[in-house]
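Participant: requesting a structural model of the entry that follows:
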Amino acid sequence: MSSAKDNILGSIRAALREVPAEEQPEDIEVPRDYRKQGEGGVIDIVERFAERVGEYKATVNRIHEEELKDTIAESCRGEGVEALAVPDGFPGEWLPDDLTLLQDKKDAPLSHRELDRSDGVITTCALGIAQTGTLVLDAGAGQGRRVLTLLPDYHLCIIWESQIVELVSEGFRYFEASVEQEGPPLTFISGPSATSDIELSRVEGVHGPRRLEVLIVSR
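Facilitator: Have a look, this model is predicted:
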């Protein structure tokens, strides 16, 4: 019995047989007249990013570096977080003293059950895109495995103002070398997890955290 995969690949092969041999993909010109470089100033870009993230029903706070630890503690208290999942490489000096910290280490990763029992996760990120209000994680230090930002119900993400670019094309260019070298997978986060059924009934938290909070930090 053939699988769905076999059926799909068979359909593709059948369609390709109808393409003349002299036609090659590189012969088709792809328009690339979209904007490739942002033109906004740093202040405008950060403000646009904060606005777009907020439009997704995420909580956004703009703070100074000196306020990080106190703001993280306040956010966790406000969300009722007592057990917080922490990825490898996250700066320990930012973490509140009164929480149970569930450390996810490369040599001792948290199980899915442990992550599911946590009240939330805290991470840094690799990049922010103002055009779409998107956070991008690349599994670097302080970001951890993709599953860390899928199972917990609350995600608190830290991003520096200097990490925010204006355009999606700038974001893709930033990760181009890593992708070409088949580096770690990229996770794009635009607001809390939300989905809708055929009747457009919105359900949150099916594919990831129901609650997303972003701290935009200036130096």
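
Participant: which residues touch the helix-or-strand element of the chain with minimal mean pLDDT?
Facilitator: Of all helical and strand segments in the chain, the minimum by mean pLDDT, DSSP states H and E falls on strand 202-204, at a mean of 77. With contacts defined as Cβ atoms under 8 Å, 6 or more residues apart in numbering, strand 202-204 is touched by 192-197, 210. From N, CA and C alone the C-beta is placed, and that goes for glycine too.

Participant: each with direction, which strands does that strand pair with?
Facilitator: strand 194-196 (antiparallel) (DSSP bridges).

Participant: now the strand it pairs with: buried residues?
Facilitator: Judged by neighbour count (16 or more other Cβ atoms under 10 Å), strand 194-196 contains these buried residues: Ala194.

Participant: can you check stretch 128-137 too?
Facilitator: Residues 128-131, 133-137 are the ones in stretch 128-137 that count as buried (16+ other Cβ under 10 Å).

Participant: can you tell me which of the residues you listed are in strands?
Facilitator: In this view, the buried residues of stretch 128-137 that belong to strands under DSSP state E are 128-129, 134-137.

Participant: how about the strands in this protein?
Facilitator: 59-64, 83-87, 100-104, 120-123, 127-129, 134-137, 154-160, 164-165, 187-189, 194-196, 202-204, 211-218.

Participant: let's have those in JSON lines, adding distance to Ser3.
Facilitator: Formatted as JSON lines, the strands of the chain follow (distance: least, Cβ to Cβ, whole Å):
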{"stretch": "strand 59-64", "distance to Ser3": "44"}
{"stretch": "strand 83-87", "distance to Ser3": "36"}
{"stretch": "strand 100-104", "distance to Ser3": "35"}
{"stretch": "strand 120-123", "distance to Ser3": "36"}
{"stretch": "strand 127-129", "distance to Ser3": "37"}
{"stretch": "strand 134-137", "distance to Ser3": "33"}
{"stretch": "strand 154-160", "distance to Ser3": "36"}
{"stretch": "strand 164-165", "distance to Ser3": "41"}
{"stretch": "strand 187-189", "distance to Ser3": "29"}
{"stretch": "strand 194-196", "distance to Ser3": "27"}
{"stretch": "strand 202-204", "distance to Ser3": "30"}
{"stretch": "strand 211-218", "distance to Ser3": "37"}
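
Participant: select, out of these, the one closest to Arg48.
Facilitator: strand 164-165 (8.8 Å; Cβ to Cβ).

Participant: show me what the closest one is packed up against.
Facilitator: If contacts are counted by 3 or more Cβ pairs under 8 Å, 6 or more residues apart in numbering; DSSP states H and E, strand 164-165 sits against helix 42-55, strand 127-129.

Participant: weakest of those in terms of mean pLDDT?
Facilitator: For the helices and strands packed on strand 164-165, mean pLDDT drops lowest on helix 42-55, to a mean of 94.

Participant: hey, what's the angle from it to strand 59-64? Just curious.
Facilitator: Between helix 42-55 and strand 59-64, the angle formed by their directions is 150 degrees, by axes from the mean of the first three to the mean of the last three Cα atoms, to 10 degrees.

Participant: list the helices and strands helix 42-55 packs on?
Facilitator: strand 59-64, strand 164-165, strand 211-218.

Participant: in a markdown table, list these along with mean neighbour count, mean pLDDT and distance to Gly205.
Facilitator: As requested, these are exported to a markdown table (neighbours: other Cβ atoms under 10 Å; pLDDT from 0 to 100; distance: least, Cβ to Cβ, whole Å):
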| stretch | mean neighbour count | mean pLDDT | distance to Gly205 |
| --- | --- | --- | --- |
| strand 59-64 | 15 | 98 | 15 |
| strand 164-165 | 22 | 97 | 26 |
| strand 211-218 | 21 | 98 | 8 |
